[in-house]
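Peer 1: What follows is a predicted structure for the sequence shown.
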Amino acid sequence: MPPVPSIPGLKAEHSVALPLRREVSDLLKRTNTSFPGAQPVSFATRHIEELHNEDYYVCEKTDGIRCLLYCTHGDTEDSEAYYLIDRKNDYYYVQGLHYPKTQEDWSSFHTDTLIDGELVIDEKKDGRQVLKFLVFDCLMMDGQLLIQRPLDKRLGYFRENFFKPYEALCKAFPDEMQYFPFYLQFKTMELSYALPKMFDLILPNLQHGNDGLIFTAVNAEYRFGTDEKILKWKPADENSVDFRMNLQFPLLPPEEMDEDEEGPQYDWYAKPQVFLSVNTGSGGYQRFAELYIEDDEWEKLKGMGVELDERIVECAMDDEKRWRFKRFRNDKKDGNHISVVHSVMESIRDGVTKDDLLKASPSIRAAWKARAGAGAASASRK
């Protein structure tokens, strides 16, 4: 499987990032300067009914780095600047990008533009690894706020005003595109009932990592933070939670304690208990579970030579309902909020399978066609 990419560019220092966060917040008419990206909820059995009742797009859930691409002015009004914003709300200044506003003026560029997407590494058959930014939404374009428009309108506006000029630039200057730090690409969106196509054709032929599906309501506006209209489906054994990990080492036995030292003395060479805590909001954490870790797994973690205590880690349940370590989440500064954890636990209990989705696909299609027919009839009467 291709590796998860690193964010290209230079991370902005706090004194630079702070005004940028305020700038983006003001553009979006928010009072909060936190990361504005929408976050999905975990798919549960009740969401199958949701797919019957409302139009949704479905796309693959990419195993990459979630980022927003911010296009703005540079130091002067006639210069351009580009930043990638990660989920920690850090800003990375990326050089070597240029996106013209029109095909008639290659020197023009976008400002006050915010695009939602994901950085991935595509692994080609010849062994080449290509960094791409997969676009799946657009919040603002040249100062025009798009968040209240339906998703299909947001994507259509982005395609016409941003992606088409970019495609034309690629065709006009093919030799120059290799110097871009990453390529821009639309994330493939299908209608929600095209699940056989997703499972049989799209997922097996991806050139990057994937760990499920994302369903997004077509007619919903963009919501900052947790969005009940974005559904994240994973196979039962892939449902995971991002916890904060805390280590608790055992005390030394009395006979090994140093009499000259005061206070508790810990056995730093023993395997500790590893507790997993969930984010309760406002910087608070609550102990939720214990990580099951075997001796050889502990030796591997210890041998990495990195700080382990209070790291954000992704964990999944095994067949015996034990939480097991999957990977560090270096792209996140906090673990999942407790509400997200409850949502994931619901998904684990429900266990909506690939077969469940495929079985529902024909009736989802019938419901979609019925809505489309009713809408056409209503428009005709008007």
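Peer 2: Cool, got the structure.
Peer 1: just the strands in the stretch 151-300 of the chain please.
Peer 2: Taking DSSP state E, counting those that start in this stretch as the test, the strands found in the stretch 151-300 of the chain are 183-186, 190-191, 210-217, 225-233, 240-248, 273-281, 284-290.
Peer 1: Report the mean confidence score over the third one.
Peer 2: Yep, that's strand 210-217 we're talking about. For strand 210-217, mean pLDDT is 93.
Peer 1: show me where the stretch 101-250 of the chain has helices.
Peer 2: Ranges of helices in the stretch 101-250 of the chain, per DSSP state H, counting those that start in this stretch, are 151-158, 164-172, 195-197.
Peer 1: Find the residue at the geometric middle of the chain.
Peer 2: residue 66 (3.9 Å; C-alpha atoms, centre = their mean).
Peer 1: what is that residue paired to in the beta sheet?
Peer 2: Beta-bridge pairing of residue 66 under DSSP bridges involves residue 118.
Peer 1: separation between it and residue 246?
Peer 2: Residue 66 sits 25 Å away from residue 246, going by C-beta to C-beta, to the nearest Å. All C-beta spots, glycine's among them, are computed from the backbone N, C-alpha and C.
Peer 1: which of the helices of the stretch 101-250 of the chain is buried the deepest?
Peer 2: Stretch with highest mean neighbour count among those: helix 151-158 (a mean of 18; mean count of other C-beta atoms under 10 Å).
Peer 1: Show me how far that helix is from its chain's centre.
Peer 2: Put simply, helix 151-158 sits 19 Å off its chain's centre (C-alpha atoms, centre = their mean, to the nearest Å).
Peer 1: tell me the mean pLDDT for it?
Peer 2: Helix 151-158 comes out at a mean pLDDT of 96.
Peer 1: cool, stretch 139-146 as well?
Peer 2: pLDDT averaged over stretch 139-146 gives 97.
Peer 1: Generate TSV for the helices of the stretch 101-250 of the chain, with distance to residue 307 as supplementary columns.
Peer 2: Formatted as TSV, the helices of the stretch 101-250 of the chain follow (distance: least, C-beta to C-beta, whole Å):
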stretch	distance to residue 307
helix 151-158	40
helix 164-172	41
helix 195-197	42
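Peer 1: Please report phi then psi for residue 370.
Peer 2: Main-chain torsions, residue 370, degrees, to the nearest 10: phi -70, psi -40.
Peer 1: How many neighbouring residues does it have?
Peer 2: Other residues near residue 370 come to 11 when the count uses other C-beta atoms under 10 Å.
Peer 1: State the three-state secondary structure for residue 313.
Peer 2: The three-state label given to residue 313 by DSSP: H, G, I helix; E, B strand; the rest coil is strand.
Peer 1: Tell me who's in contact with it.
Peer 2: Neighbour list for residue 313: 242, 243, 244, 245, 276, 291, 325, 326, 327, 328, 329 [criterion: C-beta atoms under 8 Å, 6 or more residues apart in numbering].
Peer 1: Touching, the fifth one and residue 292? I think so.
Peer 2: No: the pair formed by residue 276 and residue 292 falls short of the contact definition of C-beta atoms under 8 Å, at 10.3 Å.
Peer 1: Can you check which residues contact both of these two?
Peer 2: Jointly contacting residue 276 and residue 292 under the rule C-beta under 8 Å, 6+ apart are residue 323.
Peer 1: More neighbours: which of these two?
Peer 2: Set residue 276 next to residue 292 and count neighbours by other C-beta under 10 Å: residue 276 wins out with 22 against 16.
Peer 1: Now that one: closest residue in space, sequence neighbours ignored.
Peer 2: residue 243 (3.8 Å; C-beta to C-beta, 6 or more residues apart in numbering).
Peer 1: bridging residues for the one you found?
Peer 2: Counting by DSSP bridges, the residues bridging with residue 243 are residue 313.
Peer 1: if I look at it, how far off is residue 230?
Peer 2: Taking C-beta to C-beta, one finds residue 243 at 22 Å from residue 230.
Peer 1: more crowded one of those two?
Peer 2: The neighbour count for residue 243 versus residue 230, taken as other C-beta under 10 Å, is higher for residue 243 (28 against 21).
Peer 1: can I assume that one is in contact with residue 335?
Peer 2: Yes: counting by C-beta under 8 Å, residue 243 does reach residue 335; the two are 4.9 Å apart.
Peer 1: can you list residues touching both of these two?
Peer 2: When contacts are counted by C-beta under 8 Å, 6+ apart, residue 243 and residue 335 are jointly contacted by 277, 278, 312.
Peer 1: do you know how far residue 361 is from residue 52?
Peer 2: 11 Å.
Peer 1: no, scratch that, I was asking about residue 364
Peer 2: Relative to residue 52, residue 364 is positioned 6 Å away (C-beta to C-beta).
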